[in-house]
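Student: Requesting a structural model of the entry that follows:
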Amino acid sequence: MSRPLRVLLGVTGGIAAYKSAEIVRRLRGRGHAVRCALTRSATSFVAPLTLEVLSGQAVLQEEYLEAAGSGVEVHIEAAAWAEVLCIAPATAHTLGRLALGLADDFLTTTALAFTGPVVTAPAMHSAMWSHPAVRENVETLRRRGVRFAGPIEGPLASGEVGMGRMADPEAIAAAVEAAVLPGPLTGRTVLVTAGPTFEPVDPVRFLGNRSSGKMGFALAAEAVRRGARVVLVAGPVHLGTPPGVERIDVRTALDMKAAVESVAPAADLVLMAAAVADFRPKAAAEHKIKKGAATMSLELEANPDILAEIAAQPDAPFCVGFAAESRDLDTYAEGKRVAKKLPLVVGN
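Tutor: Sure, this is the predicted structure:
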């Protein structure tokens, strides 16, 4: 952190609202000034007095509609005071109201008057998060420049485990800082690939590898922390999306190639950490292959070399390859760098 910020924290009516107290504590611990704005339903989950004591500021609610004798437009004053607006938790209802530009309470009215960066931390059940209406609202807000911290995969209030859990308070605090404070990658776009690819043999079986995707996801999270816009193209993995990262899920090498090619022209840096399959079955069976003879033959064909093709473009971004080896690491990693004409290869 380079300087203290003025943060307006909007708290909406979801069970994750109880974590807003910890968000205030984390932000103030980093030296930031915090004011809280609660929706009507948020008060069912967290007491305004709690946030008032932790923030050291009066909590903003619907009293702005009552005559106070000051003549101050409280929502305009709050919007002018804040350097960043963070809404955590952001319910599906709140995301919808923000996307539509509604102004039916103090928080959404202030959001319309606010001209700075907005960070939202969605929190809802997995089925709600994946609903087409919510996805459309999220994409609308992204296009307007709204940043998303989470959600992540984990235990939900229903007792289930899935995508929709609010990001951890520390991650939200970091996202708030990244939205305002310039980092070394501010203004840059970083494309990261992660995880394996699965090449279908038949409707049941596939050729894959043991890549967990953890390295690529960690790189994506760090790039966001340093101020970059980050697009993560992920193979089949069981990892939550790092806060602030735009994620594209793929399954096969050809899927990954298409996703990478759609993003690469706008990228300044490509980190190709995915373990892309070198080969795929020449023809996947339409139906499950039944057990028969003691042996079977499977004809394979080469997958395209995604990184080499991107690096060969006339205006190619800075491309970094990764070489996972079981022996002669230096030799094979350097050979890969030379063959693909890359400026850098990370051997592991």
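Student: for stretch 145-159, which positions count as buried?
Tutor: Judged by neighbour count using 16 or more other Cβ atoms under 10 Å, the buried positions of stretch 145-159 are 146, 147, 148, 149, 150, 151, 152, 153, 156. Where C-beta positions appear, they are placed from N, C-alpha and C, glycine not excepted.
Student: no wait, stretch 5-18
Tutor: 5, 7, 8, 9, 10, 11, 12, 13, 14, 15, 16, 17.
Student: Repeat that for stretch 341-348.
Tutor: Applying 16+ other Cβ under 10 Å to stretch 341-348 flags 342, 345, 346, 347 as buried.
Student: same question, stretch 42-61
Tutor: Buried, per 16+ other Cβ under 10 Å, within stretch 42-61: 42, 43, 45, 46, 48, 51, 54, 55, 57, 59, 60, 61.
Student: Return the set of residues that bridge with the nearest residue to residue 246 once chain neighbours are set aside.
Tutor: In this structure, residue 246 finds its nearest non-sequential neighbour in residue 231, 4.8 Å apart by Cβ to Cβ, 6 or more residues apart in numbering. Note on residue 231: beta-bridge partners residue 191, residue 246, judged by DSSP bridges.
Student: What residues does residue 231 make contact with?
Tutor: With contact taken as Cβ atoms under 8 Å, 6 or more residues apart in numbering, residue 231 is in contact with 189, 190, 191, 192, 245, 246, 247, 248, 263, 267.
Student: returning to that earlier point: farthest-apart pair in the buried residues of stretch 5-18, please.
Tutor: 5 and 15 (27.3 Å; Cβ to Cβ).
Student: domain ranges for this protein?
Tutor: 6-180, 189-347 (automatic domain parsing).
Student: Same list, these, but as CSV with mean pLDDT please.
Tutor: As requested, the domains of the chain are exported to CSV (pLDDT from 0 to 100):
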stretch, mean pLDDT
domain 6-180, 91
domain 189-347, 91
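Student: Just the buried residues of stretch 197-204, please?
Tutor: 197, 198, 199, 201.
Student: That one: end-to-end distance?
Tutor: 15 Å (Cα to Cα, to the nearest Å).
Student: Off-centre distance for it?
Tutor: The chain centre lies 28 Å from the centre of stretch 197-204; the measure is Cα atoms, centre = their mean, to the nearest Å.
Student: Pull out the CA atoms of stretch 13-20 and give them to me as PDB.
Tutor: Provided in PDB are the C-alpha atoms of stretch 13-20 (Å, rounded to 0.1, in the frame of the first residue of the first chain):
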ATOM      1  CA  GLY A  13     -28.800  -8.600   2.800                       C
ATOM      2  CA  GLY A  14     -27.100 -12.000   2.600                       C
ATOM      3  CA  ILE A  15     -25.800 -14.300   5.300                       C
ATOM      4  CA  ALA A  16     -22.200 -13.300   4.300                       C
ATOM      5  CA  ALA A  17     -23.000  -9.900   5.700                       C
ATOM      6  CA  TYR A  18     -21.700 -11.000   9.000                       C
ATOM      7  CA  LYS A  19     -18.200 -11.000   7.500                       C
ATOM      8  CA  SER A  20     -18.500  -7.300   6.800                       C
END
